[in-house]
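A.B. asks: 3D, please:
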Amino acid sequence: MSGSAADIVVLGAGHNGLIAAAYLAKAGLKTLVLEAKDQVGGGCGTEELTAPGFRHDPCASVHGAIQAGPILKELGLERFGLRYIFPDPLHASVFPDGSSLVTWRSVEQSAREIERFSPKDAAAYLRLVAFWDRHIRDVFVASRYAPPRRPGELYTLLERREAGFEVMRLMASSPLEVVNEFFEEEHVRLHVLKASLQGGPFPDQLGYGLLVFGTGSGARHSFGWAMPEGGSLELPLSLVRALRDSGGDVLTRSEAKEIIVEDGVARGVITGDGRRFTAQKAVVAGLHVRQVFLEMIDHRWLDANLVEAFQKVRTGLSEVVLHLALSEPPRYRADFGVDRVVHCHVPETMPDLLAAYAECRKGHLYARAPFQVFCQTLVDGTRAPSGQHVLNAGRYVPYDLSGRPESWREIKNQLLGEEIERVREYIPNVTEKTVLGKAVMTPLDIEAHDAMFYRGDIMGLGHVLSQEGHLRPHPSISDYRTSIRNLYLTGACTHPGGTISGAPGRNCALTVLGDLGLRVSP
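C.D. replies: Residues are numbered from 1 along each chain as shown. Just a heads-up that it's a prediction; the model follows:
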């Protein structure tokens, strides 16, 4: 069965694959994207999970990281229907004692909130964000939207910068150490720490101290905590329109099964139904590296050490996510005063937070584990019928529950009721009367939803130091090129990793264009 020929064949229509394709097509290359599912988007999707008309994001919901880079403007995605909403407040934390703490887009307003708990910590928060602005922000953005630097190059760059050694020290620390160094009051520590752990790192994980300055505070103030109007899927849909505007195309229900390699050169792809697509210049794989190197390529073309490495990749925490369709807006306990906040953290107490992560390491659940709540319909009425709302509540959990991942199937129904009860403690009007539809996603559901989420890790590969920067996904192929000529990688398994940044897609596309002696026109 024949397919067709293109200059570039991209595998996977997640947001990174589509971003790579859009840049390549804009540069004048005939670009074709093959997607296994009926719908594009990958982990950047929106679905009716609970009831008709209620649009939930099964995975990524916040698109804060992509606001830091040049992609939205370079591809002109607003022209293709993409609109972002920037909630303010950015987020809040609610605590068992009835108190709450709110972070606003304004740093000064946020510090005034902290001052209610500790004037000293309010001043420390201003210093923390000022340090981000002066010493970290520009390096952070530049390092993401470029191929990874070798460790020696990164440290040489920092050595030459004002406060570079202090940045190195903080970078080597854990989020918990940085939070404890800056703040004294427990509510403040919990508020900043929980926000810093977005994506699943452990609080005591060395080498991730800068998350406190980025995800936990400064990046939110600098770039906002954006959400696409209509749901996460709107980003990939706008990318498809941009791609087609440049002459490219996407074929859904076209699962790539084999990458054709001849004489060490990637020549195209064969799909599961036998169609053959010729790639005249390059194949770009936006799939999990295990899928690409263990399933899709004849191993005679691969180094045995590389194959072995991808058989042993490390993954991080997964999630349990409760999705609800509600007949009315969520109403938190009256003492919290956060009913209009889209994103609320429930950190519980510091002993609870630390115990929950410790139990995750053992493969166990913890009854009072921290969680977070999103209600996007507070600012985006397009996601639900008029006056009604979508809500999701998620927490981090181990994939190997008690050493048996299949245990998640056995407790799923029980888990649904327990997660609703946890939410009801803080949002009392989540009742049988107001809940119009409900669903819970376990790590097994997350893994089944997208092949990129191996072992339920939405970051593709675990974010651990042995899989970061020049080591991601492997030091021999960390620059988006592979040992097979004309085969390139993008997606969450490549630098800088998961989240909706689009950086892996853009970085890969510019690498391909550079190798071809081309560039994107303005």
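
A.B. asks: how many neighbouring residues does residue 21 have?
C.D. replies: 32 (other C-beta atoms under 10 Å). The C-beta positions use only the backbone N, C-alpha and C, and glycine is treated the same way.

A.B. asks: from residue 48, how far out is it?
C.D. replies: 27 Å (C-beta to C-beta, to the nearest Å).

A.B. asks: grab the nearest non-local neighbour of residue 46.
C.D. replies: Using C-beta to C-beta, 6 or more residues apart in numbering and skipping the chain neighbours, the partner closest in space to residue 46 is residue 231 (3.0 Å).

A.B. asks: contacts only, for that neighbour.
C.D. replies: By C-beta atoms under 8 Å, 6 or more residues apart in numbering, the contact set of residue 231 is 45-46, 55-57, 376, 382-383.

A.B. asks: equivalent analysis for residue 387, please.
C.D. replies: Applying C-beta under 8 Å, 6+ apart, one finds that residue 387 lies in contact with 327-328.

A.B. asks: how about residue 267, what does it touch?
C.D. replies: 260-261, 278-279, 486.

A.B. asks: just read off the phi/psi values of it.
C.D. replies: Main-chain dihedrals, residue 267, degrees, to the nearest 10: phi -110, psi -10.

A.B. asks: and residue 85, by the same measure?
C.D. replies: phi -110, psi 140.

A.B. asks: next, count neighbours for it.
C.D. replies: 17.

A.B. asks: most neighbours among the contacts of residue 231, which one?
C.D. replies: The most crowded member of the contacts of residue 231, judged by other C-beta under 10 Å, is residue 376 (30 neighbours).

A.B. asks: correct me if wrong: it contacts residue 383.
C.D. replies: Yes - in terms of C-beta atoms under 8 Å, residue 376 counts as a neighbour of residue 383; the distance is 5.7 Å.

A.B. asks: low-confidence regions, the stretch 1-150 of the chain specifically.
C.D. replies: 1-2 (pLDDT under 70).

A.B. asks: re the thing from before, checking the residue nearest to residue 46 next. Helix, strand or coil?
C.D. replies: Judged by DSSP: H, G, I helix; E, B strand; the rest coil, the three-state class of residue 231 is coil.

A.B. asks: so it versus residue 200, what's the distance?
C.D. replies: Counting by C-beta to C-beta, the separation of residue 231 from residue 200 is 22 Å.

A.B. asks: same question for residue 86.
C.D. replies: Going from residue 86 to residue 200 by C-beta to C-beta gives 24 Å.

A.B. asks: more neighbours, those two?
C.D. replies: Under the neighbour definition other C-beta under 10 Å, residue 86 and residue 200 were set side by side, and residue 200 has more, 21 against 14.

A.B. asks: give me the distance between that one and residue 26.
C.D. replies: Residue 200 is 34 Å from residue 26, where distance means C-beta to C-beta.

A.B. asks: quick one: contacts for residue 258?
C.D. replies: Contact partners of residue 258, counting by C-beta under 8 Å, 6+ apart, are 269-270, 296-297.

A.B. asks: next step: those restricted to strands.
C.D. replies: 269-270 (DSSP state E).

A.B. asks: and the contacts of residue 258, which is closest to residue 499?
C.D. replies: Using C-beta to C-beta, the shortest approach to residue 499 within the contacts of residue 258 belongs to residue 296, at 25.2 Å.

A.B. asks: and the closest residue to residue 492 other than its chain neighbours, how close does it get to residue 277?
C.D. replies: Using C-beta to C-beta, 6+ apart and skipping the chain neighbours, the partner closest in space to residue 492 is residue 460 (3.1 Å). According to C-beta to C-beta, residue 460 stands 24 Å off from residue 277.

A.B. asks: have a look at these two and say which one is more surrounded.
C.D. replies: It is residue 460, of residue 460 and residue 277, that has more neighbours when counted by other C-beta under 10 Å, with 31 against 23.

A.B. asks: buried residues in stretch 297-314?
C.D. replies: Applying a neighbour-count criterion of 16 or more other C-beta atoms under 10 Å, the buried positions in stretch 297-314 are 297, 301-302, 306, 309-310, 313.

A.B. asks: what's the most distant pair in those residues?
C.D. replies: When the buried residues of stretch 297-314 are compared pair by pair using C-beta to C-beta, the farthest-apart members prove to be 301 and 313, with a separation of 19.8 Å.

A.B. asks: which residues sit against stretch 290-302?
C.D. replies: If you take C-beta under 8 Å, 6+ apart as the criterion, stretch 290-302 is touched by 11, 256-259, 261, 264, 285, 287, 306-307, 310-311, 313, 451, 454, 483-484, 489.

A.B. asks: quick one: name whatever helix or strand follows the helix or strand of the chain with the lowest mean pLDDT.
C.D. replies: Least confident helix or strand of the chain, by mean pLDDT, DSSP states H and E, is helix 151-159 with a mean of 87. On the C-terminal side of helix 151-159, the nearest following helix or strand under DSSP states H and E is helix 164-172.
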